[in-house]
Each structure stands twice: as structure tokens, then as C-alpha cells.
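>>> Mind folding the following:
(2 chains)
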Number of protein chains: 2
Amino acid sequence: MKNDLQIAKEIELKPIIEIAKQLGIEDEVECYGKYKAKIDLSVMNQNKKDGKLVLVTAISPTKAGEGKTTMTVGLGQGFYHIDKKSVIALREPSLGPVMGLKGGATGGGYSQVLPMEDLNLHFTGDIHAITTANNAICALLDNHMYQGNECNIDPTKIVFKRCLDLNDRTLRDITIGQGSKVNGIERKDGFNITVASEIMAILCLATSLEDLKARIGNIIVAYTPDDHPVHVKDLKIEGAIAMLLKDAIKPNLVQTCEHTPAIVHGGPFANIAHGCNSIIATKTALKLGDYVITEAGFGADLGAEKFLDIKCREGKLTPDCVVIVATIRALKMHGGVEYEDLKEENVEALSKGIENLAKHIDSITQFNLPYIVAVNQFTHDTEAELEFLTSWCEQNNHPCEIANVWLNGGAGAKQLATRVVSLIEENNQTFNQIYERNQTLEEKILTIAQKIYGARGVNYTDEAKAQLETIKKLGYEDYLVCMAKTPVSLSDDPKVLGRPTDFDITIREVRISAGAGFIVCLTGNVLTMPGLPKEPAALKMDVTPEGECIGLF
Amino acid sequence: MKNDLQIAKEIELKPIIEIAKQLGIEDEVECYGKYKAKIDLSVMNQNKKDGKLVLVTAISPTKAGEGKTTMTVGLGQGFYHIDKKSVIALREPSLGPVMGLKGGATGGGYSQVLPMEDLNLHFTGDIHAITTANNAICALLDNHMYQGNECNIDPTKIVFKRCLDLNDRTLRDITIGQGSKVNGIERKDGFNITVASEIMAILCLATSLEDLKARIGNIIVAYTPDDHPVHVKDLKIEGAIAMLLKDAIKPNLVQTCEHTPAIVHGGPFANIAHGCNSIIATKTALKLGDYVITEAGFGADLGAEKFLDIKCREGKLTPDCVVIVATIRALKMHGGVEYEDLKEENVEALSKGIENLAKHIDSITQFNLPYIVAVNQFTHDTEAELEFLTSWCEQNNHPCEIANVWLNGGAGAKQLATRVVSLIEENNQTFNQIYERNQTLEEKILTIAQKIYGARGVNYTDEAKAQLETIKKLGYEDYLVCMAKTPVSLSDDPKVLGRPTDFDITIREVRISAGAGFIVCLTGNVLTMPGLPKEPAALKMDVTPEGECIGLF
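From the prediction side, this is the model:
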């Protein structure tokens, strides 16, 4: 069988300007090479009715993922098979997992966004601009202290870290400013991966360049010895930092294997950040398509919860339908099967693991949204397994469709697209978030833990308690909550699969993202700088003398 | 008077595709936005006669620079005023000085390369790709040690540092891998500025993507406990790293205020690296223009020496003429005038400081090349001062032209262009490098110190001596020499101006750049990661809600 890169290379792409013409925005794009373009922010502000918004989420995934991006692309393509105009809105891949575990994150088979080499490498430079903006703040902050420290920053109370878009565990905990005095002030520091940075979150939540600058100004970078916050605006650099992001804020237009328009913009991880593409990209897509298909990272407990509670609130968005991607493989994993044995038929394990799907369905219903289960079919799935899953859905009144979008592209999602259209037309529910802004932070956290994770309660470490107190004293009680949690389990323990009950969530640390407008709660052992595996994907990568990529998949 | 950014904004640029058409390469470019394009490597390999190569260098500059880029752009434009087809070849600006001291590096007045906002910020992403490639090597190296250390790397003998394209003194000396064991192996490390990295040097010296990959493979990253070198190729990642640079290796096409084509590609600093734009860019320009005007950083002791001894040798290039930029201000500085008083007339100081110009002229003659002094006129220069300078040149038989390219653009360099054409036509000298490959490393270093800096001799610290021994043992005696030295003085002491005599150069440290093919000799206190000044340029920068840049100059 051909791999993703081979399939991608066989597709003859249309010049991106043709895709732009098809959308009526040929005068509002700037081409970056033949197959990528940046869309002007004016498109988002057109006086035009918005399309329908479809969110694709998933059950708790295996380490290989559930094919959520593949399903999103396949479904987006599928709409054209039933004569509906759709636009896909996705996140930009981070180089960390590309070079590390996954090797690429642009869908698969005949449901890919292209050109996948560009998307998986530097794309239009957005993530590099974010890295640069983040690290410019750090350099200017350390220089501020070195040159007299007018803002009276306590070097032991700096909370804004440097970042790189790589998996690099040795940069998690470092000491900087060592050696001679001319090397600045010695202090503890650390790097996050760029996709977990507050600048990435801000870029994805901003609704204009002005809003972006204001949010950057509000970032808390440090505290004084008597605990007064020092913001980016106190350093008088929010203008320079926003300037570094003036192009990165514009959403990117590409196409799929079937030339369906796709807007790929922003890329926070869903376990350690809010996990959604940018509000600007989604709003732009809603002006251009009758149906906008977007995804949020990992399972419905992570990306979807934050999509619905954070992104939809900040962007004043109302989703019209949720697609929950499930695979036979992952459900068997939740039923106790080892990763190596997932290719073998095991209906019993499937029948046990299906409780994970049940919980995610239950979570989506908490938001009063119509949903459908989309089974991402794999070649090893047996008739008996597929039959069991669809029967279970039927018995429990859960809409369900099998979609083989990897192999068949949009044609594989024709039924699914038809059902999504019906669900949207028949929907008479009113979308609601699961918590309100004016609840206390602890109430908001508990609500997520109970309603979405199925937890009994929430524990706080002493450190987290103290941090919450500081946050309240600073007046951020009305902020939203961004949970950082393992994607593998509904609990905060990656070893607990299926649908755990009778467990508590432990909040280890609480960070304030005053620019993004939320607090980040770190649970379990989740880290904001990943490491590389024993055999990184980079070892298999190569480039030919003609510039053809090898080993991206 | 209008500033550079205001002038830049008034110019109506041509779509870059028109510039490409004018050069006959419209099918060989990929547009990055309307005004930037990447040129395919095939252009460089066209079977076509090369144009003439003109190098622009300067005397030892003031901290504001001598306007070398401005003169290069002005001269390039000037050729069109005498009906000659020229192409300009420049380096890409680094964000370090842009955010720090200088605020921009794309020429000035009516002799700028444009769009200056893009050029000074992220441009086409080349430098970010280099930063990423560099740091991916580091992450993969540290991961290699963490995952079993098959190559037997000694963590105290790692010589390949991380990098960022920012001025950030606190990252010079750091300790990484601290905290819990899962954070990798604790060790000393440090960051260089990207433009001083070996990857940047390699990108600028490579003649093809294949050559780039081979050079990356040859980088020495570390040593084993018994001092065997460990290369990038031993980690089996040269393919992945070259893949990260597959687009960065392509030269970038932009235009000047007068729509003269300019190829802007690669940007090593000239004090701490080899200071020239890429060989690929220069070779591409030589296929496209009858005259190619290029520059090398800082004074003739730094950029020009390395251009002639390193870049021309690696790229098999023969320059046809050298332009030495001088300013009245800088010559007065060399005559003892304080920076604050440089605007006042002082012919006596000028007559003393002119010895600095004399030395740089002398250095260029060592290479058997025709040259001309180009006086970059400033508004504060007086008649008497200009008269003194031109008379001195006349008396000493040095060709000389005053050129006010800031104010008059190409028209200000019409005479200069005419003289350059004559000098090239009349030239019957044969270009030679000042040292030979097969000399010992110490001989090569001494030759540069004596012939170019005017030094008596060279001292080595014990550390440098030991490093030289290692380098010889490893078989790199035939490597070229890249000196790292202050640009302010001909000596290694920034306080000594004019034309110092009776001094020695001290080599503090010798690094091997086995991929680039040279050794780097660090003299005096030169640092490979700059710091920010007390009032960084970033403080004055801003962006309007419409995305217009403020404070780049």
C-alpha cells in the first residue's frame, strides 16, 4: 500500500490562486509559493451570513491517534460529494512531534491537506514568528533587569519562559546568565514547546491585530519582591512583539487531495494548551463555506471541552454539530488489549472498551449539541467488530456512520456528510457552555472534572492552592480554565483506560495566562516541553538532491 | 527629513514577478507574497557567461556603520543610470541587531532594498529554518545521550551549541538538563546568535543541496572520552537536518527603491562569522546581471578578507573590482574625535584618521585587485573636509568618487558606476588569495594578522594552542581560517582606532567548523552571542491595527 507521502506526491495540486478564486477572495490573498496563501483579515469582517460550524473530536486516543485530522479532511471533502460548499479549518503541525514520534500531522491517505511537506516543516513561518516573539520578550526582560531593573523585577519570580518548537527535554529546567558578569543575571529558567506558549494561545484567541497587541501587553512576565505583577506592557515592548506577529496573525489557505479549501492556522496542543486553531481562521472559514469542518485536539475531554468552553466563548461562536471519531482499535485498547495486539479481532474487549465512547458522547450532550459517531475504518477491523459497534450505537440511539476516508477520500464520507446536514437541520437544542464566567475558579475546575472527566472531585497541591490565591487576589476570578491533562486517559493517570470512576483529579500547578484570558491547571505529570523517543522520526528522514522529502508520513 | 521607513512606504513597488520577467526567470521563481520570491537553484547552473563581480567593503566603521549596504544598493542602481544591467547581492538582516541597536539593515534613503519591513523581520523564513535545524541537532544529540548514548559522547565535550536569532546575553553560558532525571543529562551549554552558527556558514558556502547535506554530516558536535570526534552523520540525522533547509537554500529575489533586482540570501556576521551572503546567491546573480554588486560585512579587515580568502575560494569566484566605502565621520573618529562631536568640521582629525583608509586600501592591493574609494556623503560633511579627502586620494593615486546615494539613489552613484566599469575594463592584474591552503594553520593566521591587520605577530592562549593541536591531529591542517575580531579596530582591542602598529593579535580560542571547512579563531573579547543595549530599538517599535510597522529604520 502507498504511504501518505507517496499519495500526496501523486496528487496534482491546483495553484492556490484558483482555490482563492473559487472562494471569491483572489484579491484578498497573498501567495506563499504556488500552493499556500495568507488571507487578509478583512475577509473575516465581510458583511455576510456565517456558514454552519461542525466540530470533529474523538474518543481517548491510542498513541497513534484516532485519525481525527484524516476524518476532518475526509468529511470536508465529503460535503462536495453531496453538492455542499465546505471549508476545512485545522491547526498547523508542530515540528516537535514531526521530528519526534508522529512524522506529520496533515491527515492521511486520500484525506490529506497539501502540500504536506510544507505544512509539516516551516509552512508560512507562523510558529517560527511565535517562537521569536516569545523569546524576544525573554531577552528584553532579562536585559531590562541587567540594565537597571526599573520595573523592580524579582529574578526568582519570573514566570514567562522561553520556547522552541522542538521536543527537547533537556531545556525543561535550566540555569541561565552563568559565567562572567557581562552575561546577565543568573537565574533559573526553562523552555516550553512553542505550541504550549501563551503567545500561541493569544494568537489563536485574538480577533484582530489590535486585540493581539492588547493581549500581549497583558501577559504577566514576572512579579516584584512584594508580588506585584509585571506585564509585557510595563516593559513597553508590546508594540514590537505584536509587530513580529503581523503576518503570523493572517490565516493560511491550502487545499486537500480533492482541492477542498482548507484554512490551517495556529496550533496549540490540546493536552498542555487549549488545542484549537485560531478564532480568526474559523471566522474567516465561516464567511467562505456553507459548512465549516474544524477539529480540536485529542479526545472530547481535552480539545472539544476547551473548544466549546474557551474558544466558542472568546470568539462568540456557536457550533452546529459535533462528530465524535472512534476506532475499533482504540476501543479494544480501552477494553484492555495491548498495543501490539490491536490488529486481532476481539469483540469482547471492544464491548468493554466502548464505555470510553459512551463517556465522550455523554460529555458532548452536556453542551446541548447534536452529535454523530464517525467510525474511522481500518483495514484490520473485522465485520463482527464493526457490526458490534454500529449495533451498540443503534440500540443506544446514537447516530453513527462508518467512514473509510483514508482509502476513499470524500466519497468515503458521503453518508456521514449527509447525516451531519440532517442533524443540523433537525437540531432544536440551544448550545450552552458547561460553566459560567462568574463561578469561582474552583467551581469551574470541579465542573470540568465531574461533567467531562467523570471524576469524583478535585485535589490541589499546596503550591496550586497558593497560586490560586494569588490569582484571585490579582482579580482574575472570572477567567476561563484551560486544563492540562494526559490525553490517554479520562483521568490524570495515563495508565487508567476505559471509563474510570471513583477517582479524583489532582491539580499540581496553576499558571495565569493573563493575555490569553485563562488559567492553566497542570494535572498529574503532564509536561509543557515533550521529549524525543528512542527512535525519533528524524532518523528516517532525508531529502534528495532535487529537494524531494523522504520519511514524512 | 523623511526617515528610511517613510521613504520606503512612498515607493510603489513592482510585483516581484515583473522583476523576475525582466531577468528572464519568471518560470524559475516562487512568489512569497507580492514582493518577495525564491529563485530555483537551476538558474545558478544555467550554461551562460557570468557577469562581473564587484565587492563593496569599508574602512573600520563607527557603531552606526559606514552605509556600506546603502552604497551597495546605490551603486547597483547607479549602473542602470549608465545603461548597464546590474544585480545586487546582499545578506539577510538578523533580528538581533534589528531589535537591538540598529533597527534595520536594508540600506537607507533612496538606496534601500524593499520591502524593508519584511526583510528586517522574518523575510522568507531562512534564518528561522537555520535556527530550527541547529536546535534540532542539539535536541537529537541530547536525546541520543539520554537514550543510551550509542556514540559514546562525553557530555563535557560537546562543542555544538544551540542558537537563537536574537541578542540575548543571558543564554551565553547556561546549564541544561537540570531537575528530575526525566529531564535528560545535566551539562553546560550555551546559545550563539544564529548568524554566528556553523549551519549559517554552511548554508552560505554550500553549492547545492547535496553539498549542504554532506557538509552538515561533517559537523563535529562532540567528542568521545578518548577524544574521537562525533559528527552529525554519526547521529544519522543529516538527511532530516538538510530537509529542514530545503527551501532556505534557495536565494531570495527582491527589488530596490529604483526596482533594481536584489538577491538577499544568508547572513553570517562578519565579526564572529565569515560575513558574506551565500555562494549560491552570488552565483545566481552572476548569471542574471552583467555587473553583480555584493558586500561583505564591517571593514576590509573582516568581511572582505573572508570574502576573498574563504568565499571566493570555496565558490571558485573571481572578483573584478573592490569598492572601499569611507565616511568623513568615521575618518574623524579614527583621528580621535568623540562620537558625539563627529558632526563638527575637523580637518586635522580627518588628516590623522585617514591612515585607517590607507591601511584598508593597502590590504585590498595585497589581493591584486583594482579598487576605488567611495565617499558616502553625509549632510554634515563640509566642503573643506570633502576637498581634503579627495585631494589626498588624488595625491596618492587612489581612484575616488563622492556618492550621495542616500539622498539621490542611483543618480548619486552614476560617476562611481562609470569609474567601476573603467577600472574593470582596464584591469590587468591577476587576483590571488593572501594565503595558500597548504600552509600551516599558524602561517595562515599570521599572514592575515600581518598583511591585513598590520600586526607584528600572533599570541595564543594555552587553550587555543591545545585546540590547534587537536585540530591538526584530526587532519584539518588544510582548512581555511575565519577570524572573529572586533570590527571597530584593526587590532583585537576595540579601543585602538586609526592604523595601529606594533601590536600583537591574541587568539583566545579556536573552534573547528568541519562542515563549513574552516577554523574559527576568537580574538580579544569577541562574543558569539551579543547583548541588547540599555535602550533597545524594540522600545520604539509598534504596529498599527492595519499592520503598518512603526520604528524600523
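>>> Just the buried positions in the helix or strand hosting A:Cys482, please.
Element membership for A:Cys482, per DSSP states H and E: strand A:480-484. For strand A:480-484, the neighbour count (16 or more other C-beta atoms under 10 Å in any protein chain shown) marks A:Leu480, A:Val481, A:Cys482, A:Met483, A:Ala484 as buried. (Each C-beta comes from the backbone N, C-alpha and C, glycine too.)
>>> partners of whichever helix or strand comes after that strand, with directions?
Going down the chain from strand A:480-484, the next helix or strand is strand A:504-513, by DSSP H and E. In the sheet, strand A:504-513 lines up against strand A:457-460 (parallel), strand A:518-523 (antiparallel) (DSSP bridges).
>>> could these go into a markdown table alongside mean neighbour count?
Putting those into a markdown table (neighbours: other C-beta atoms under 10 Å in any protein chain shown) gives the following:
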| stretch | mean neighbour count |
| --- | --- |
| strand A:457-460 | 16 |
| strand A:518-523 | 24 |
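>>> In a markdown table, list the ones you listed along with distance to A:Leu141.
Rendered in a markdown table, the data for these read as follows (distance: least, C-beta to C-beta, whole Å):
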| stretch | distance to A:Leu141 |
| --- | --- |
| strand A:457-460 | 29 |
| strand A:518-523 | 20 |
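>>> out of those strands, which comes closest to B:Gly409?
strand A:518-523 (51.5 Å; C-beta to C-beta).
>>> Which residue ranges of the stretch 51-200 of chain A form helices?
A:68-81, A:95-99, A:116-120, A:126-146, A:198-205 (DSSP state H, counting those that start in this stretch).
>>> strand partners of the strand holding A:Cys482, parallel vs antiparallel please.
In the sheet, strand A:480-484 lines up with strand A:518-523 (parallel) (DSSP bridges).
>>> Can you name the element that comes right after the strand it pairs with?
Moving toward the C-terminus from strand A:518-523, the next element (DSSP H and E) is strand A:542-543.
>>> which other helices and strands contact that next one?
strand A:549-550, helix B:238-244 (3 or more C-beta pairs under 8 Å, 6 or more residues apart in numbering or on different chains; DSSP states H and E).
>>> Name every strand pairing with it and say which way it goes.
Sheet pairing for strand A:542-543, using DSSP bridges, gives strand A:549-550 (antiparallel).
>>> Residues contacting the partner strand, please?
Contacts with strand A:549-550, where a contact means C-beta atoms under 8 Å, 6 or more residues apart in numbering or on different chains, come from A:Leu5, A:Glu117, A:Leu121, A:Lys540, A:Met541, A:Asp542, A:Val543, A:Thr544, B:Gly239, B:Met243, B:Lys246.
>>> And the furthest pair within those residues?
Among these, A:Lys540 and B:Lys246 lie farthest apart (C-beta to C-beta), at 16.2 Å.
>>> who's more crowded, the two?
B:Lys246 (22 against 15; other C-beta atoms under 10 Å in any protein chain shown).
>>> That one is in contact with A:Gly547, isn't it?
Yes. The pair B:Lys246 / A:Gly547 is scored as a contact, 4.7 Å apart, by C-beta atoms under 8 Å.
>>> list the residues that contact both of the two?
B:Leu209.
>>> hang on, the earlier thing: hmm, who's touching the strand holding A:Cys482?
Here strand A:480-484 has contacts from A:201, A:271-274, A:302, A:305-306, A:309-310, A:313-314, A:435, A:437, A:441, A:444-445, A:448, A:513, A:516-523, A:526, A:528, using C-beta under 8 Å, 6+ apart.
>>> and with 6 Å instead?
Identification of contacts with strand A:480-484 by C-beta atoms under 6 Å, 6 or more residues apart in numbering or on different chains yields A:Ile272, A:His274, A:Ile310, A:Lys444, A:Ile445, A:Ile448, A:Phe518, A:Ile519, A:Val520, A:Cys521, A:Leu522, A:Val526.
>>> Just give me the closest of those to chain B.
The shortest approach to chain B among the contacts of strand A:480-484 belongs to A:Val526, at 12.4 Å (C-beta to the nearest C-beta).
>>> Quick check: the gap between the closest one and B:Ile16.
Distance of A:Val526 to B:Ile16, given as C-beta to C-beta, to the nearest Å: 46 Å.
>>> So those two - more neighbours on which side?
B:Ile16 (23 against 19).
>>> C-alpha coordinates for the lowest-mean-pLDDT helix or strand in chain A, CSV please?
The helix or strand of chain A with the lowest confidence, counting by mean pLDDT, DSSP states H and E, is helix A:4-10 at a mean of 89. C-alpha atoms of helix A:4-10 as CSV (Å, rounded to 0.1, in the frame of the first residue of the first chain):
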residue,chain,number,x,y,z
ASP,A,4,0.8,9.2,2.8
LEU,A,5,3.8,11.0,1.3
GLN,A,6,3.6,8.8,-1.9
ILE,A,7,-0.2,9.6,-2.2
ALA,A,8,0.5,13.3,-1.6
LYS,A,9,3.1,13.4,-4.3
GLU,A,10,0.8,11.8,-6.9
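>>> quick one: buried residues of that helix?
A:Asp4, A:Leu5, A:Ile7, A:Ala8.
>>> Would you mind pulling the contact partners of it?
A:Gly108, A:Gln112, A:Leu114, A:Met116, A:Leu552, A:Phe553.
>>> farthest pair in those?
Largest pairwise distance in these, by C-beta to C-beta, is 13.9 Å, between A:Leu114 and A:Phe553.
>>> More neighbours: those two, which one.
A:Leu114 (23 against 18).
>>> How much space separates that one from B:Ala273?
37 Å.
>>> same check, this time on A:Gln395
Counting by C-beta to C-beta, the separation of A:Gln395 from B:Ala273 is 69 Å.
>>> before we move on, the earlier item: looking at the contacts of strand A:549-550, which has the most residues close by?
B:Met243 leads the contacts of strand A:549-550 on contacts (other C-beta under 10 Å) with 28 neighbours.
>>> check contacts around that residue.
A:Met541, A:Val543, A:Cys549.
>>> Excluding chain neighbours, give the residue nearest to it in space.
Once flanking residues are discounted, B:Met243 sits nearest to A:Val543: 4.0 Å by C-beta to C-beta, 6 or more residues apart in numbering or on different chains.
>>> can you tell me how far that neighbour sits from B:Asn428?
In terms of C-beta to C-beta, A:Val543 sits 45 Å off from B:Asn428.
>>> next one: A:Tyr80
70 Å.
>>> When those two are compared, which one has more neighbours?
When neighbours are counted by other C-beta under 10 Å, A:Tyr80 comes out ahead of the other of A:Tyr80 and B:Asn428, with 17 against 5.
>>> pLDDT score for the more buried one?
Looking at A:Tyr80, its pLDDT reads 98.
>>> Also the one 5 residues further on?
pLDDT recorded at A:Lys85 is 98.
>>> can you give me the strands in the stretch 201-350 of chain A?
In the stretch 201-350 of chain A, strands defined by DSSP state E, counting those that start in this stretch lie at A:220-223, A:229-231, A:252-256, A:261-264, A:291-295, A:321-326, listed in chain order.
>>> Chain B: which of the ones you listed is closest?
Of the strands of the stretch 201-350 of chain A, the one closest to chain B (C-beta to the nearest C-beta) turns out to be strand A:252-256, at 12.4 Å.
>>> list the helices and strands the closest one packs on?
strand A:37-39, strand A:261-264 (3 or more C-beta pairs under 6 Å, 6 or more residues apart in numbering or on different chains; DSSP states H and E).
>>> what's next to the longest one, contact-wise?
For strand A:261-264, the surrounding residues in contact (C-beta under 6 Å, 6+ apart) are A:19, A:23, A:87-90, A:92, A:113, A:251-254, A:256, A:281, A:285.
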